[in-house]
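[1] the following block contains a protein sequence and its predicted model.
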Amino acid sequence: MSKPFVAVPADIREFDSTTWHAVQTQYIRAIHKVSGVMAMIVPALETGNDPDALLDRVDGLLVSGSATNVHPALYGAEVRESDGPFDPARDATSLPLIRRALERGIPLLAICRGIQELNVALGGTLATEIQDMPGMWDHRKPDGVPREAAYAIRQDVHIKEGSCIARYIGTGSVQVNSLHRQAISKTAPRLQVEAIAEDGTVEAVSVIDAKGFAIGVQWHPEYWAETDQPSRKLFEAFGDAVRAYAAEKAAPAQSAVRRAMSASAGSMAS
Ligand SMILES: N[C@@H](CCC(=O)NCCCC(=O)O)C(=O)O
């Protein structure tokens, strides 16, 4: 069987005097090197998306992090330019893909902005500038430091007993990185909180009654997926789920081919 594909919705980025559809290389590297499957970057379109046309052709969905924020109008919040930068094309692409992938049982891994999109897609809300709230830590990406320092593993999260993610990374305290200024406020009804930080920030969720692998994390397991064990185990589990989905999807076609070949062999023998 050829390697399965994982769709990764792009961000809209402006540089070199033009507009790009872009995904940071750390996600592509983790998908290829640790999950062991192929990544397919999906253009971010404000209109003209066809989630089923794309999902017919892939075996998983990874929704990545981004410095942009989900537009507040999508979860009924007041729109303040200070809550930007926004990426409406990314929102218009990823939210329908998340909903449809869940309906179809296509494995989903949502990371940082991705867990926030998952929550909004299923009816939840987000809090912004959480570091300014009483008792909350500063979860933001450290400024003015090398990228590896910005993504340094520096925060304890508590993985809940009996959670889905605990099957892959165990329960209790796990060290993760942290690069966000928003977080889940009202958890969507279909989401189960799986991990929290010591200040109460929701750090991981799973989709209740999901047909397949459906996990969101607020941290960035992709960045150290080759060297950090909890990160590696999460991406390995995602790869296993993607391969299982692809095999199940191929099974009817393969059995049809076997039936046709057996019928053809029978007719030749007679
Ligand atoms: N913008 C949201 C989500 C944060 C997020 O995805 N961070 C990734 C940082 C990407 C980078 O700058 O390298 C928030 O701030 O909560």
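    Cool, got the structure.

[2] enumerate the residues of the stretch 1-150 of the chain near the ligand.
    By Cβ under 6 Å from any ligand atom, the residues of the stretch 1-150 of the chain that approach the ligand are 65-69, 112-113, 141. Bear in mind the C-beta positions are built from the backbone N, C-alpha and C, glycine included.

[3] now those: which count as buried?
    65-66, 68-69, 112-113, 141 (16 or more other Cβ atoms under 10 Å).

[4] can you check the pLDDT for the residue nearest the centre of the chain?
    Centroid-nearest residue in the chain: residue 110, 1.8 Å away (criterion: Cα atoms, centre = their mean). The per-residue pLDDT reported for residue 110 equals 99.

[5] same question, residue 201
    According to the model, residue 201 scores 98 on pLDDT.

[6] got the phi/psi numbers for it?
    phi -60, psi 130 (degrees, to the nearest 10).

[7] start the count at 16 instead of 1 going forward.
    Okay, using 16 as the starting number, the last item reads as residue 216.

[8] what's the burial count for it?
    21 (other Cβ atoms under 10 Å).

[9] beta-bridge partners for the nearest residue to it once chain neighbours are set aside, please?
    Once flanking residues are discounted, residue 216 sits nearest to residue 198: 5.0 Å by Cβ to Cβ, 6 or more residues apart in numbering. With DSSP bridges as the criterion, residue 198 is bridged to residue 142.

[10] would you confirm that residue 198 contacts residue 233?
    Yes. Residue 198 is within contact range of residue 233, at 6.5 Å (criterion: Cβ atoms under 8 Å).

[11] looking at the two, which has the bigger crowd around it?
    Taking other Cβ under 10 Å, residue 198 and residue 233 do not tie; residue 233 has more neighbours (31 against 23).

[12] distance check, the residue lying closest to residue 24 once chain neighbours are set aside against residue 58.
    Sequence neighbours aside, residue 109 is the residue nearest to residue 24 in space, at 4.3 Å (criterion: Cβ to Cβ, 6+ apart). Applying Cβ to Cβ, to the nearest Å, the value for residue 109 to residue 58 is 12 Å.
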